[in-house]
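Visitor: Whatever this is, show me its structure:
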Amino acid sequence: MSPDRFEPVDPHRDPHRDPHRDAHPDPHGVARSGDSGTLNHYKMVSVALGLLLVGLGMVTVPIVWEASLNPTFAKIVGHLGLFLVPSGLITLIYEIVLRRTFLAEVREQLSVSLGQHFTRVNRLTQAGLTDVHDCLPDERINREFGRARASIRILQTWIPNLLQIERSLTQAMGRGCTVRILLLDSASIHCVERNKDLGYVDKNTIKNGIELNLKQLANFVTAEVRDRVEVRLYDATPIMSLYACDDLRFLGLFWRKRRCSQGPHIELSGRDSFIGLEADRHFADLWDTAKPIDVAALAADTAVKSVS
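Guide: Numbers count the residues shown, from 1 in each chain. The predicted model follows:
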């Protein structure tokens with residue numbers, strides 16, 4: 001240390017204390033703090049025994065030395081002894097019997113509560129539930145689709161955010177990722193019923209949305225990646241939407257007077273999550289009975305109409 005530098009001295013510091021002690025804390029400090037309850041128990045037992053013995057002594061003093069003590073003083077000592085004896089006895093009984101019983105009951109109740117809590121947590125984990133979103137998380141889905149490695153699946157009546165995820169879909173297909181898209185058949189009675197459920201004045205709102213999606217797909221699905229995308233139209237009651245990539249799924253429900261994308265969505269992860277597997281089964285069942293759409297022919301037809 002340079003001569004012009006000095007360290008302030010704490011006037012309350014123990015001069016015999018190891019200066020390196022605070023820099024290297026005791027590794028057993030946590031364990032020792034965990035034993036504080038046991039130490040306190042033994043301290044209280046010792047105090048209780050002390051009170052009991054002192055009380056007994058004070059009770060016997062006036063009896064043994066009755067002749068040599070002032071009667072008033074002897075009476076005071078005896079009364080104090082009579083007060084200390086039950087105090088020590090009650091404290092001793094509490095520490096030895098009641099406190100241990102109380103702590104045992106607390107441990108049992110805590111174990112039951114934690115067991116029930118973690119049972120529910122494990123159940124949610126088995127279901128694959130990792131998050132709940134207030135509405136369709138467009139930006140999150142766009143990022144996840146952009147990172148997809150094997151497959152992307154979309155189930156909707158029509159996809160209101162198709163242009164938002166266009167780039168991520170194209171990038172995924174460019175990496176060899178397969179894309180399967182299920183849209184509601186615009187000629188289906190379910191299309192008309194869903195339009196009523198939403199309360200649209202225009203009876204063709206859903207139908208126009210589906211046809212718009214098909215045109216958008218025909219425009220951005222190029223010939224280089226066309227073999228990696230399949231589009232089908234299903235004829236069934238819409239009950240859920242699904243945006244999935246690899247083992248991650250975003251699942252929404254179809255509400256009355258509210259678009260599915262505006263309602264809550266649950267996020268599921270894990271290949272073996274039972275809700276995710278049920279959603280995959282539902283998608284596969286619709287896929288097997290859905291009508292395939294020739295994207296190449298649709299693109300050619302769109303090009304012809306744009307030229308004409």
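Visitor: Following the chain past the helix or strand hosting Lys215, name the next helix or strand.
Guide: Element membership for Lys215, per DSSP states H and E: helix 205-220. Once helix 205-220 ends, the next helix or strand along the chain (criterion: DSSP H and E) is strand 229-234.
Visitor: Touching that next one from outside, list them.
Guide: 169, 173, 178-186, 188, 210, 214, 217, 221, 286-287, 289-293, 295 (CB atoms under 8 Å, 6 or more residues apart in numbering). Just so you know, the C-beta spots here come from the backbone N, C-alpha and C atoms, and that holds for glycine as well.
Visitor: For the helix holding Lys215, name the packing helices and strands.
Guide: Here helix 205-220 touches helix 162-174, strand 178-184, helix 189-198, strand 229-234, helix 295-307, going by 3 or more CB pairs under 8 Å, 6 or more residues apart in numbering; DSSP states H and E.
Visitor: Ranking the ones you listed by mean neighbour count, which comes first?
Guide: Of all these, strand 178-184 has the most neighbours on average by mean count of other CB atoms under 10 Å, namely a mean of 21.
Visitor: Can you tell me the strand partners of that one and which way each runs?
Guide: When pairing is defined by DSSP bridges, strand 178-184 lines up against strand 151-155 (parallel), strand 229-234 (parallel).
Visitor: I'd like to know how many residues surround Arg140.
Guide: A count of nearby residues for Arg140, using other CB atoms under 10 Å, gives 16.
Visitor: And for the one 5 residues further on?
Guide: Using other CB under 10 Å as the criterion, Phe145 is surrounded by 24 other residues.
Visitor: I figured it hits Thr170, correct?
Guide: No - checked against CB atoms under 8 Å, the pair Phe145 and Thr170 is beyond contact range at 9.9 Å.
Visitor: From start to finish, how long is stretch 244-254 in a straight line?
Guide: 17 Å (CA to CA, to the nearest Å).
Visitor: Please apply the same query to stretch 221-232.
Guide: Termini of stretch 221-232 sit 15 Å apart (CA to CA).
Visitor: pLDDT (mean, whole number) over that stretch?
Guide: Averaging pLDDT along stretch 221-232 yields 89.
Visitor: Kindly report the same for stretch 179-188.
Guide: On average, stretch 179-188 scores 96.
Visitor: And for stretch 164-174?
Guide: 92.
Visitor: Let's see it as CSV, backbone CA atoms only.
Guide: This file holds the C-alpha atoms of stretch 164-174, laid out as CSV (Å, rounded to 0.1, in the frame of the first residue of the first chain):
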residue,chain,number,x,y,z
GLN,A,164,-47.8,-11.8,-41.2
ILE,A,165,-46.4,-15.3,-41.2
GLU,A,166,-45.7,-15.5,-44.9
ARG,A,167,-42.0,-14.9,-44.5
SER,A,168,-41.5,-17.4,-41.7
LEU,A,169,-43.5,-20.0,-43.7
THR,A,170,-41.3,-19.4,-46.8
GLN,A,171,-38.1,-19.6,-44.8
ALA,A,172,-39.2,-22.9,-43.1
MET,A,173,-40.1,-24.4,-46.5
GLY,A,174,-36.8,-23.3,-47.9
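Visitor: picking up where we left off before, go through the strands paired with strand 178-184 and name the closest to Arg259.
Guide: Nearest to Arg259 among the strands paired with strand 178-184 is strand 151-155 (14.8 Å), distances taken as CB to CB.
Visitor: Flag every buried residue along that closest one.
Guide: Neighbour-count burial for strand 151-155, counted by 16 or more other CB atoms under 10 Å, picks out Ile152, Arg153, Ile154, Leu155.
Visitor: wait, which of those residues is closest to Ser273?
Guide: Closest approach between those and Ser273, by CB to CB: Arg153, at 15.0 Å.
Visitor: pretty sure Leu163 contacts Gln216?
Guide: Yes - between Leu163 and Gln216 there is a contact under CB under 8 Å: 6.6 Å.
Visitor: Now tell me what touches the helix holding Lys215 from outside.
Guide: 157-160, 162-163, 166, 169-170, 181, 183-186, 191, 194-195, 198, 200, 202, 229, 231, 233, 293, 295, 298-299, 301-302.
Visitor: Helices of the protein, start to end?
Guide: For the chain, the helices defined by DSSP state H cover 29-34, 36-64, 71-93, 99-127, 138-147, 162-174, 189-198, 205-220, 274-289, 295-307.
Visitor: mean confidence for the last one?
Guide: Spelled out, it's helix 295-307. 59.
Visitor: residues touching Gln164, list them.
Guide: Gln164 touches Asp138, Asn142, counting by CB under 8 Å, 6+ apart.
Visitor: Can you pull out the low-pLDDT segments for the stretch 51-200 of the chain?
Guide: 51-53, 55-75, 77-79, 81-84, 88-90, 92-100, 102, 114-115, 117-119, 121 (pLDDT under 70).
Visitor: For Ser123, the count of nearby residues, please.
Guide: Check again: residue 123 is Arg, not Ser. 11.
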